[in-house]
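Student: Below: sequence and its predicted model.
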Number of protein chains: 4
Amino acid sequence: MTADHAKPRRQHTGRRRNDAAREAILDATFDVLRDRGVDGLTIDAIAEAAAVGRQTIYRWWPSKGAVIAEAMARRARAIVPVRDSGSFAGDLKSFITDSFAGLEDEGMRRALRQLAAAAQRDEHAAQVVRDFTAQRRATLRALFAQGAERGDVSPAADLGMLVEMAYGVLWYRTLISHGPLDAGAAESLTAHLLAAARRQVR
Amino acid sequence: MTADHAKPRRQHTGRRRNDAAREAILDATFDVLRDRGVDGLTIDAIAEAAAVGRQTIYRWWPSKGAVIAEAMARRARAIVPVRDSGSFAGDLKSFITDSFAGLEDEGMRRALRQLAAAAQRDEHAAQVVRDFTAQRRATLRALFAQGAERGDVSPAADLGMLVEMAYGVLWYRTLISHGPLDAGAAESLTAHLLAAARRQVR
Amino acid sequence: MTADHAKPRRQHTGRRRNDAAREAILDATFDVLRDRGVDGLTIDAIAEAAAVGRQTIYRWWPSKGAVIAEAMARRARAIVPVRDSGSFAGDLKSFITDSFAGLEDEGMRRALRQLAAAAQRDEHAAQVVRDFTAQRRATLRALFAQGAERGDVSPAADLGMLVEMAYGVLWYRTLISHGPLDAGAAESLTAHLLAAARRQVR
Amino acid sequence: MTADHAKPRRQHTGRRRNDAAREAILDATFDVLRDRGVDGLTIDAIAEAAAVGRQTIYRWWPSKGAVIAEAMARRARAIVPVRDSGSFAGDLKSFITDSFAGLEDEGMRRALRQLAAAAQRDEHAAQVVRDFTAQRRATLRALFAQGAERGDVSPAADLGMLVEMAYGVLWYRTLISHGPLDAGAAESLTAHLLAAARRQVR
DNA sequence: AGTTAATCGAGACGGTACGTCAGGTCTTGGC
DNA sequence: GCCAAGACCTGACGTACCGTCTCGATTAACT
């Protein structure tokens, strides 16, 4: 007698979608991604970690990349708000420092790398990455625009370029150079961005 | 009789390594990568496109990523030399414009994206990417150092950060935002970098 | 507006078992079995053809084989009565001819083959087959016993064996050799059975 | 260190088909069929029992039924030779007794039932069953023809029917009635067949 | 000149993951 | 309580690639 009856971990919801299963899948995806990397991220592994049938994953997501993307987007939600420190320099520094801080965990960086990799081959993941990063860029761009109103950013400055110089460093260090994203890096980047914004050369 | 015997496209080299086969593999890898993306890039596909046995690939490269990396490095060789225009601003602009120009072909960008994706999961590809980009950074850093000697770059400037701001934009636009890498973008980036380098704010 | 709302083909019976649903299931089972063979005979297919929920099938039958068996038994009911022609030879010939005639439809033969196949793997179907064939054997055996009383069957004859020689041919031709089960075959079999019954050798 | 290197159970044959693998698959199929029945006979189970990759099975057989059929045919080979006892009655009795004896093992009967079931749904298995049984029928028919020459079988007898009466009993008892196939049954069947063959009634 | 040795194209092999399909269980909401 | 509907977990299916192995051929280097 194996006394295996203590199994109903999750409530069945009958003919309606089980949202608990959905969340379990997304959580499991993130966990597997962080702990085992992308090679260990098989649909089977997700299904097993989420205690879910494989079909349940295929029923709701069109591809593995879509699951990864949604799992990641779920974690990145509500991070890096714009803070009002009274000065443009302060606001920018806070924003960049906070953005970097969100990646201080190696697991998070690893997951982000996998997401970027997935986006190169999976259209669904690519869409999520596109939307997510566009929204982040818009936020930072608004901050620069605010700086322009205050006179801290030259009217001749290319705000889009400034934004991509900032996020470029963040992603480049995450994906390519594996350079640090600590407070010092944030400070240095902020200083150079301020200089770049202030005076447009020629 | 099917007269199919007119097949020996490539000379057999006996017990010595057949360099023609090696090149066929690298060419085929790049072609498949560009034309079919990373999902179509199977060892079988490379072998078939190169008219080569699979074992011949495994004999000379430790992993698929290594093949991709070498195929890519082969194409990127000898691009973006440092030109001496007489002024730091001119040199920087040339460097960045040339760097961007190397990616004006969509096929090249696609291949680069696949390389970056491969580097996230394949140690051999990662190593090649690491080495290649480190070398590029060193080149650009030397250019900034030369600018510092001329007084165009502030002694307080963080040269490493400036370098990554430049390459960050290049990779960010390639991998994430898919923004343009044309002459206008190069000019804007150059201008902002010059400003960032010239005056270190606090 | 697709005007698809005109769907209630069948009356809902509320909390009492809906016998119309039961019959729809059995009919659908037989139809699917005959038309699409056993590979097309999925529970889903039956449910869809009967316009019934899957659960309704599982509520009333323990297995697919049980449904098949009941669907078949329903069709085979009240066939092949014993006729009294006045002579044993005439009675036997009628019985065999009628038995064969019940299988002149290819759909019926196909369904019977599927039933036999189901009985090899499903205990419920096996039970139905066992009961049904035992009843048929008993009927034929009674006919032989009657022949023994009349002196047309030797007292030394093995009635059980004679019965299985008859049904053996019927099933063997249905399942294995696909030989004809027409009037000529019935006549030949009858003649040989009469000879076999009349004189027990040694 | 797991010392797992003692693995090469079977010799690799390179680019040529490995006949040892083929035989291992057929053996494993028969074993699984006999031991676990048809529900346990999955391709995975065969592959695992044969220590073979699933693809190796799919490479050489078009369907599961084809594997079953070949595995069975392999076992049934060279059984039931025609023996020359000097008399037709003796030869027939030997043949039937030997045929029955080949099924005295319950595992063999079970496997045969599964083969018959497979033949109802799989064209490849059906073909093998058709060929195999046709060959057996031809052998027995030749025996009856020889009896006709000796005068033990009436010229008016329907040899084909006699053959199917014999094999009908064998298969009917195996598939349907599960009656005994022992020496007594063989003797009874032989006696009735002799009577049926000797005198054609009417 | 004959032998040895390494490469090559080819393709079978033991595996792993894929995405699909069917089975049998469960719950909802309507009747 | 019965019913249609459909989500759920499970597990087999057949396919695609992986990386390894062996073959027979070809040629270069060594005897």
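Tutor: Cool, got the structure. Numbering: from 1, shown residues only, chains lettered A, B, ... in the order given.

Student: How about the one helix or strand residue A:190 maps to and chain B, touching?
Tutor: Here residue A:190, judged by DSSP states H and E, is contained in helix A:183-198. Yes - contact of helix A:183-198 with chain B (CB under 8 Å from any CB of the partner chain) involves A:185, A:188-189, A:191-198. Where C-beta positions appear, they are placed from N, C-alpha and C, glycine not excepted.

Student: Give me the buried positions along that helix.
Tutor: Using 16 or more other CB atoms under 10 Å in any protein chain shown as the test for burial, helix A:183-198 gives A:185-198.

Student: For these, give me CSV that also has distance to residue B:22 and pLDDT.
Tutor: As requested, the buried residues of helix A:183-198 are arranged in CSV below (distance: CB to CB, whole Å; pLDDT from 0 to 100):
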residue, distance to residue B:22, pLDDT
A:185, 41, 98
A:186, 46, 98
A:187, 48, 97
A:188, 44, 97
A:189, 43, 98
A:190, 48, 97
A:191, 48, 96
A:192, 44, 97
A:193, 46, 97
A:194, 51, 96
A:195, 49, 95
A:196, 45, 96
A:197, 50, 95
A:198, 53, 90
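
Student: Can you give me the buried ones in whichever strand or helix holds residue A:67?
Tutor: Element membership for residue A:67, per DSSP H and E: helix A:64-76. Across helix A:64-76, burial judged by 16+ other CB under 10 Å covers A:64-72, A:75.

Student: Which member of those is positioned nearest chain B?
Tutor: Distance to chain B, by CB to the nearest CB, is smallest for residue A:65 among these, at 10.8 Å.

Student: thinking again about what came up before, return the member of the buried residues of helix A:183-198 nearest to DNA strand E.
Tutor: Relative to DNA strand E, the closest of the buried residues of helix A:183-198 is residue A:185; by CB to the nearest atom of the strand it sits at 35.2 Å.

Student: any idea how far the closest one is from residue C:184?
Tutor: With distances taken as CB to CB, to the nearest Å, residue A:185 is found 96 Å from residue C:184.

Student: can you check residue A:33 too?
Tutor: 73 Å.

Student: follow-up on the earlier one: got the contact list for the helix holding residue A:190?
Tutor: Applying CB atoms under 8 Å, 6 or more residues apart in numbering or on different chains, the contact partners of helix A:183-198 are A:89, A:92-93, A:96-97, A:99-100, A:144, A:147, A:152-154, A:157, A:162, A:165-166, A:169, A:173, A:179, B:157-158, B:161-162, B:165, B:192-193, B:195-202.

Student: before we move on, the earlier item: output the buried residues of helix A:183-198 as a markdown table; include the columns distance to residue C:10.
Tutor: Output for the buried residues of helix A:183-198, formatted as a markdown table (distance: CB to CB, whole Å):
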| residue | distance to residue C:10 |
| --- | --- |
| A:185 | 71 |
| A:186 | 70 |
| A:187 | 75 |
| A:188 | 76 |
| A:189 | 71 |
| A:190 | 72 |
| A:191 | 77 |
| A:192 | 76 |
| A:193 | 72 |
| A:194 | 76 |
| A:195 | 79 |
| A:196 | 75 |
| A:197 | 74 |
| A:198 | 79 |
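
Student: so where's chain A shaky on pLDDT?
Tutor: Within chain A, the stretches with pLDDT under 70 are A:1-9, A:77-80, A:200-202.

Student: how about the residues of it near DNA strand E?
Tutor: Contacts of chain A with DNA strand E, taken as CB under 7 Å from any atom of the strand, map to A:11-16, A:42-44, A:54-55, A:58, A:63-64.

Student: Buried among these? Need that as a selection in PyMOL.
Tutor: Command for PyMOL that selects the buried part of those, burial taken from 16+ other CB under 10 Å:
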select buried, chain A and resi 63+64
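
Student: I figured residue A:67 hits residue A:26, correct?
Tutor: Yes - contact criterion CB atoms under 8 Å: residue A:67 and residue A:26 qualify, at 7.3 Å.

Student: give me phi/psi at residue A:86?
Tutor: phi 100, psi -30 (degrees, to the nearest 10).

Student: and which of the buried residues of helix A:64-76 is nearest DNA strand E?
Tutor: Distances from DNA strand E to those, taken as CB to the nearest atom of the strand, are shortest for residue A:64 (5.3 Å).

Student: Contact partners for that closest one?
Tutor: If you count contacts by CB under 8 Å, 6+ apart, then residue A:64 has A:41, A:43, A:118, A:122 around it.

Student: Do I have it right that the second one meets residue A:53?
Tutor: No - assessed by CB under 8 Å, residue A:43 is found out of contact with residue A:53, at 10.5 Å.

Student: Which neighbours do these two have in common?
Tutor: Going by CB under 8 Å, 6+ apart, no residue sits against residue A:43 while also sitting against residue A:53.

Student: wait, what's in contact with residue A:181?
Tutor: If a contact means CB under 8 Å, 6+ apart, then residue A:181 has A:100, A:103-104, A:170, A:173-174 as its contacts.

Student: Those residues, buried ones only, as a PyMOL selection?
Tutor: Buried subset of these, written as a PyMOL selection, criterion 16+ other CB under 10 Å:
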select buried, chain A and resi 100+103+170+173+174
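
Student: Show only the entries of the contacts of residue A:181 found in helices.
Tutor: Of the positions in the contacts of residue A:181, A:100, A:170 sit in helices, assigned by DSSP state H.

Student: which ones among the contacts of residue A:181 come in contact with chain B?
Tutor: With CB under 8 Å from any CB as the criterion, the contacts of residue A:181 include A:170, A:173 near chain B.

Student: DNA strand F: which of the contacts of residue A:181 is nearest?
Tutor: Within those, proximity to DNA strand F (CB to the nearest atom of the strand) peaks at residue A:174, which comes in at 25.2 Å.

Student: show me the contacts for the closest one.
Tutor: Residue A:174 neighbours (CB under 8 Å, 6+ apart): A:103, A:109, A:112-113, A:116, A:181.

Student: what's the farthest-apart pair in the residues you listed?
Tutor: A:116 and A:181 (15.0 Å; CB to CB).

Student: Which residues of chain A lie near DNA strand F?
Tutor: Contact residues, chain A versus DNA strand F (CB under 7 Å from any atom of the strand): A:10, A:12-18, A:21-22, A:47, A:51-56, A:59-60.

Student: Check the burial of the closest residue to chain B within chain A by counting its neighbours.
Tutor: When scored by CB to the nearest CB, chain A has residue A:168 as its residue closest to chain B, at 2.6 Å. The local packing of residue A:168 (other CB atoms under 10 Å in any protein chain shown) involves 26 other residues.

Student: In which helix or strand does the nearest residue to it once chain neighbours are set aside reside?
Tutor: Distances taken as CB to CB, 6 or more residues apart in numbering or on different chains put residue B:168 closest to residue A:168, at 2.6 Å, once the chain neighbours are dropped. Per DSSP H and E: residue B:168 is located in helix B:159-172.

Student: Measure how that helix sits relative to helix B:183-198, angle-wise.
Tutor: Here helix B:159-172 runs at an angle of 160 degrees relative to helix B:183-198 (axes from the mean of the first three to the mean of the last three CA atoms, to 10 degrees).

Student: CA atoms of helix B:159-172 as PDB?
Tutor: C-alpha atoms of helix B:159-172 as PDB (Å, rounded to 0.1, in the frame of the first residue of the first chain):
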ATOM      1  CA  LEU B 159      37.600  54.900 -21.500                       C
ATOM      2  CA  GLY B 160      36.100  51.500 -20.900                       C
ATOM      3  CA  MET B 161      32.700  52.900 -20.500                       C
ATOM      4  CA  LEU B 162      33.000  55.100 -23.600                       C
ATOM      5  CA  VAL B 163      33.900  52.000 -25.600                       C
ATOM      6  CA  GLU B 164      31.000  50.000 -24.300                       C
ATOM      7  CA  MET B 165      28.600  52.900 -25.000                       C
ATOM      8  CA  ALA B 166      29.700  52.800 -28.600                       C
ATOM      9  CA  TYR B 167      29.600  49.000 -29.100                       C
ATOM     10  CA  GLY B 168      26.500  48.900 -26.800                       C
ATOM     11  CA  VAL B 169      24.600  50.900 -29.400                       C
ATOM     12  CA  LEU B 170      25.800  48.700 -32.200                       C
ATOM     13  CA  TRP B 171      24.800  45.500 -30.500                       C
ATOM     14  CA  TYR B 172      21.600  46.800 -29.000                       C
END
